[in-house]
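Q: Output the structure for:
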Amino acid sequence: MMPASPSSMRQKLRVAVTRRLPEAVETRMSELFDVVLREDDRKLSQDELVALMQGADVLVPTVTDQINANMLARAGERLKLIANFGAGVDHIDVLSARQRGVLVSNTPGVVTEDTADMTLALILAVTRKIPEGLAEMQAGRWQGWSPTAHLGGRVGGRRLGILGMGRIGQAVARRANVFGMQVHYHNRKRLRPEIEDQLQATYWDSLDQMLARMDVISVNAPHTPSTFHLLNARRLKLLKPTAVVVNTSRGEVIDENALTRMLRAGEIAGAGLDVFEHGHEINPRLRELPNVVLLPHMGSATVEGRAEMGEKVLINIKTFADGHRPPDLVVPSML
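A: All right, here's what the predicted structure looks like:
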């Protein structure tokens, strides 16, 4: 499937953006295309998203925009490309889009290092009880150093089990090696021996067996039908009571209610979560737990990362406008 040729386009592509993007990205997009930009950063409703799709050749959505088959059926004939601002596309019904002749592209690779940084930050925050110390300082309760106060655990020597060994999982492994952690992983496909050697990583064919032996679990798997609740109640019960769970990928991979129950019962030592099963609607009981660090989906939130994401979106749209296949085209076999 190829985009329309340049000769068939009488004017600049009409591009509709669903959220506010970095100023430099919006400016460059306005120079290249006929762009509909947002005045505010409010999340759009389904009807508003459909209206944008009906009047545009290209839609630039983000992870907060759920685009399902019904919405695509209402989009009309003009829409030809969904150029996602982000690497994950689980919020887009890619198969339905392809069936309707709509291409989907994403921005892989540019969030790898930033998300891996955040993963290590959460591991440290939970194991070293950083929020606990921060809260004491902000409340003005600190009375000076004590040999028994705020005792966390040493990261070096701990077994890290990485669930999902793609770009981000491998970047996490490299960082964990520097901190002296023992790296283990479970993945849909085993890595090549030379990559395992570089990462000093031990492969587990059985996720259950890996989970039962790890001190820290890092979730770095995408959300697909096969990974939904991959860490369900049964698997979470396999974890040691001293284990810590960190998730910087997709909230749907973990059964959030089961995780919350076990954290409250002391069956899991702690958790660091940057993503949640129901978007911004977080289980309120999670907020009450002192052994949980919650972040508002900040994994890719760097100035550099967002600028690079925007650059990839621009390249995908420009390549499409020139009559070529977008370099970051998402195909069903990738899902």
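Q: Kindly check the end-to-end length of stretch 11-22 for me.
A: For stretch 11-22, the first-to-last residue distance is 25 Å (C-alpha to C-alpha, to the nearest Å).
Q: Okay, buried residues for it please.
A: Neighbour counts over stretch 11-22 (16 or more other C-beta atoms under 10 Å) mark 13-19, 21 as buried. Any C-beta I mention is one placed from the backbone N, CA and C, and that applies to glycine too.
Q: Ok, stretch 263-281 next?
A: Within stretch 263-281, the residues scored as buried using 16+ other C-beta under 10 Å are 263, 268-277.
Q: Sort out which of those residues are in helices and list them.
A: Counting by DSSP state H, the part of these found in helices is residue 263.
Q: Tell me, how many residues neighbour the nearest residue to residue 106 once chain neighbours are set aside?
A: The shortest distance from residue 106 to any non-neighbouring residue, by C-beta to C-beta, 6 or more residues apart in numbering, is to residue 84 (4.7 Å). By other C-beta atoms under 10 Å, the residues close to residue 84 number 29.
Q: Residue 67 is in contact with residue 84, correct?
A: No - using C-beta atoms under 8 Å, residue 84 is not in contact with residue 67, being 9.2 Å away.
Q: anything in contact with each of those two?
A: Shared contacts of residue 84 and residue 67 (C-beta atoms under 8 Å, 6 or more residues apart in numbering): 61, 92.
Q: Can you tell me what sits against the host helix or strand of residue 134?
A: Assigning secondary structure by DSSP states H and E places residue 134 in helix 130-138. Here helix 130-138 makes contact (C-beta under 8 Å, 6+ apart) with 124-125, 142, 150, 290, 293.
Q: Report the buried members of these.
A: Neighbour-count burial (16+ other C-beta under 10 Å) is assigned, among the contacts of helix 130-138, to 124-125, 293.
Q: Among those residues, which ones are in helices?
A: Using DSSP H, 124-125 are the members of the buried ones among the contacts of helix 130-138 that sit in helices.
Q: Poorly predicted segments of the stretch 201-335 of the chain, please.
A: Where the stretch 201-335 of the chain drops to pLDDT under 70, the residues are 333-335.
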